[in-house]
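K.L.:
sequence isn't available, so here's the structure alone:
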């Protein structure tokens, strides 16, 4: 298996100025997996697998949608109870979601079990999970090239010691600018980022900055990219996960140490992919994405950069 994604599988109910949706397929493993599979197919990579848990209410039609995309879903466990549900809304510039309700359901008892056939992928992505669970995943999986991890401010507040331990186990960390300041206890963004690199000894730190783009700290190198200028913003849910899923596929396309040019190319593709994600509620835009329109927007973005 080329890429393994471990994270949440959910049904999301979201409201924004563009409308609302109830019980849309979502979760970090889903957004990341769909984006990763899209690029894996066009990069001619091996299988992309999802590891997560769903309840007995998880629809067979959603399993079929994932399988039809080419995703390996054998790592999805079914437990007695209901699937994780999240409800939230976006307002104003839609930069931050307001959470209305979170029902962990079977996800609250999730103990990741990575199948034997998925334990030596080229790339492992531990999506946003309780840090102690991410650590358990890393104990089971030995990626051939790279391990990646995403996190959130909640774990910095409630499980910082566990988070620091697991961050020291991975090669690449993805967090946002508020989280990097919180983790380093420093309001200077660049200085805070440098501190996090020193604290974790990661080879690459990628800091998401929303509408301001992304900055990567890679050894002594810094790569800074703007966000893609998007007029249609319907639902930003899952943008960070589709960004990470794209990154995983592009980095799975190489070997050895990651070069600056390779990382920059991966970050560009990730930025463009996430710009499609927010154009619909749920995963619909990602599922319907055509490679020709991706290439067209990729060329458009490169022309902005150049």
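P.N.:
Cool, the structure landed. Everything numeric here is computed off the predicted structure, so don't read it as measured data. Residues are numbered from 1 along each chain as shown.
K.L.:
helix or strand next in line after the helix or strand residue 132 falls within, which one?
P.N.:
Following DSSP states H and E, the helix or strand that holds residue 132 is helix 131-140. Where DSSP H and E defines the elements, the next helix or strand beyond helix 131-140 is strand 146-150.
K.L.:
what angle sits between that next one and helix 131-140?
P.N.:
Counting by axes from the mean of the first three to the mean of the last three Cα atoms, to 10 degrees, strand 146-150 points 170 degrees away from the direction of helix 131-140.
K.L.:
residues contacting strand 146-150, please?
P.N.:
By Cβ atoms under 8 Å, 6 or more residues apart in numbering, the residues outside strand 146-150 that reach it are 28, 122-128, 134, 138, 141, 166-167, 169-175, 240-241, 244, 247-248, 251, 258. No exception for glycine: its C-beta is placed from N, CA and C like everyone else's.
K.L.:
quick check on these: which are buried?
P.N.:
Burial by neighbour count, 16 or more other Cβ atoms under 10 Å: within those this picks out 28, 122-128, 134, 138, 141, 166-167, 169-175, 240-241, 244, 247-248, 251, 258.
K.L.:
report all helices and strands that the host helix or strand of residue 49 contacts.
P.N.:
With secondary structure defined by DSSP H and E, residue 49 is part of strand 48-55. Other elements packing on strand 48-55 under the criterion 3 or more Cβ pairs under 8 Å, 6 or more residues apart in numbering; DSSP states H and E are strand 3-6, helix 28-42, strand 72-79.
K.L.:
hey, which of the ones you listed is tucked in deepest?
P.N.:
For these, the stretch with the most neighbours on average is strand 3-6, a mean of 32; neighbours defined as mean count of other Cβ atoms under 10 Å.
K.L.:
and that one, what does it pack onto?
P.N.:
Strand 3-6 packs on helix 28-42, strand 48-55, strand 123-126, helix 239-252, going by 3+ Cβ pairs under 8 Å, 6+ apart.
K.L.:
again, 6 Å this time
P.N.:
helix 28-42, strand 48-55, strand 123-126 (3 or more Cβ pairs under 6 Å, 6 or more residues apart in numbering; DSSP states H and E).
K.L.:
how far off centre is stretch 236-249?
P.N.:
Distance of stretch 236-249 from the chain centroid (Cα atoms, centre = their mean, to the nearest Å) equals 4 Å.
K.L.:
same thing with stretch 184-196?
P.N.:
Relative to its chain's centre, stretch 184-196 lies at 22 Å (Cα atoms, centre = their mean).
K.L.:
in that stretch, which residues are buried?
P.N.:
Burial within stretch 184-196, assessed by neighbour count using 16+ other Cβ under 10 Å, is assigned to 184, 186, 189, 192, 193, 194, 195, 196.
K.L.:
in strands only, show me those.
P.N.:
Filtering those for membership in strands, criterion DSSP state E, returns an empty set.
K.L.:
where is pLDDT lowest across these?
P.N.:
Ranked by pLDDT, those bottom out at residue 189, which has 93.
K.L.:
next one: that residue from residue 71, what distance?
P.N.:
According to Cβ to Cβ, to the nearest Å, residue 189 stands 36 Å off from residue 71.
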